[in-house]
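Enquirer: Kindly return the folded structure for what I paste below:
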Amino acid sequence: MNTNTYSVPDMSCAHCKAHIEEEVNKLTGIQNANANPDEKKLTVTFDTNEVQSADIVNAVSQAGYTAEKTQ
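Expert: From the prediction side, this is the model:
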């Protein structure tokens, strides 16, 4: 398992959080996705054999937001 943090500057509320987490959790290999609108960060734990960081960024984009890996 791998854990990455992403900056999501346009996330601002609980609705944003729910929408982002829903899209990311649709991906195979996601163990945990936790969006924090106060810090504008998304932390994701995932299986690198099933999903890659770019897939997570794309899922956030599908939700209507932008994400950039920070660590």
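
Enquirer: Thr28 belongs to a strand?
Expert: No. Counting by DSSP: H, G, I helix; E, B strand; the rest coil, Thr28 falls outside a strand, being coil.

Enquirer: and it, how many neighbours?
Expert: As a burial measure, Thr28 scores 9 neighbours (other CB atoms under 10 Å). C-beta here means a position set from N, CA and C on the backbone, and glycine is covered the same way.

Enquirer: For it, give its distance to Lys17.
Expert: Applying CB to CB, to the nearest Å, the value for Thr28 to Lys17 is 22 Å.

Enquirer: ditto for Val8
Expert: 9 Å.

Enquirer: More neighbours: those two, which one.
Expert: Using other CB under 10 Å, the more surrounded residue of Val8 and Lys17 is Val8, with 24 against 19.

Enquirer: List the residues that contact the more buried one.
Expert: Neighbouring residues of Val8 by CB atoms under 8 Å, 6 or more residues apart in numbering: Cys16, Ile20, Ala35, Lys40, Lys41, Leu42, Val60, Tyr65, Thr66, Ala67.
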